[in-house]
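Novice: Need coordinates for the following:
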Amino acid sequence: MNPEIRYLAQQLLHAGLGPLCERDRRVIARVARRVHTARNVNQVFEQNLSFGDRLADRVAAVGGSWAFIVGFCAFLLAWAFVNAVVLAGAVDPYPFVFLNLLLSMLAALQAPIIMMSQNRQAAKDRLAAALDYQVNIKAESSIAELHDKVDRLTALLAEERERREAERFAIEEEPAAVFARAPAGA
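Specialist: Numbers count the residues shown, from 1 in each chain. Okay, the predicted model is just below:
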């Protein structure tokens, strides 16, 4: 396995490669190669949709809109008016049995289509969570890497400060040593 990936797994995530699942290994590999992890969920998800999936989503979008509800109420009122008043029960007389049959068939078809759309939305949410997880892992490892760099820089600055203080102390000590060695009456 790539040494960068092994380093990331051991140092940044505080785990060896053994306990990592395949998804975590892919994320670490992307981090090691410095590949962007953030992706558009909608684009990734829509690449795998079939014609039936798209159709079900459109039916659910139309069936779940106020325009559909208002239009359908207008259709029901028109049906009742035409069959009860205008035609006086010639096509579908008052308890509107044929209308009930049509409504039952519509509900029988519309409910599974809406459920299919909801299942796809749940799958899209799971995909979004997985992509968010990858971004979060990469961000966490990048932050840990930055912490390591800051710690190294802090250590280098501390060493430099100690070296300069030691030099300054040595310079301050030199004149005192010269006066200490000089004879008293000179």
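Novice: Let's check: the centremost residue of the protein is which one?
Specialist: The centroid of the chain falls nearest to residue 132 when counting by C-alpha atoms, centre = their mean (2.3 Å).
Novice: And it, which helix or strand is it part of?
Specialist: Using DSSP states H and E, residue 132 sits within helix 97-181.
Novice: The closest residue to residue 92 other than its chain neighbours: neighbouring residues, count only.
Specialist: In this structure, residue 92 finds its nearest non-sequential neighbour in residue 98, 4.2 Å apart by C-beta to C-beta, 6 or more residues apart in numbering. C-beta here means a position set from N, CA and C on the backbone, and glycine is covered the same way. Applying other C-beta atoms under 10 Å, we find 13 residues neighbouring residue 98.
Novice: hang on, residue 98 packs against residue 91?
Specialist: Yes - assessed by C-beta atoms under 8 Å, residue 98 is found in contact with residue 91 at 7.4 Å.
Novice: got any ranges where the chain has weak pLDDT?
Specialist: Within the chain, the ranges that satisfy pLDDT under 70 run 1-20, 27-28, 30-38, 89, 173-186.
Novice: Can you pull the domain assignment for it?
Specialist: Following automatic domain parsing, one finds the domains of the chain at 1-35, 48-158.
Novice: With respect to residue 172, which of those lies nearest?
Specialist: domain 48-158 (20.8 Å; C-beta to C-beta).
Novice: okay, how far is it across that closest one, tip to tip?
Specialist: This stretch, domain 48-158, spans 55 Å end to end (C-alpha to C-alpha, to the nearest Å).
Novice: Tell me who's in contact with the residue nearest to the centre of the chain.
Specialist: Residue 132 sits next to no residue when contact means C-beta atoms under 8 Å, 6 or more residues apart in numbering.
Novice: Roughly how far does it sit from residue 166?
Specialist: Noted for residue 132: a distance of 50 Å to residue 166, by C-beta to C-beta, to the nearest Å.
Novice: Check residue 65 too.
Specialist: Separation of residue 65 from residue 166 (C-beta to C-beta) stands at 77 Å.
Novice: can you check residue 91 too?
Specialist: Distance from residue 91 to residue 166, counting by C-beta to C-beta: 105 Å.
Novice: More neighbours: which of the two?
Specialist: Just comparing residue 91 and residue 166: by other C-beta under 10 Å the higher neighbour count belongs to residue 91, 13 against 10.
Novice: which parts of stretch 88-99 are buried?
Specialist: For stretch 88-99, the neighbour count (16 or more other C-beta atoms under 10 Å) marks 92, 96, 99 as buried.
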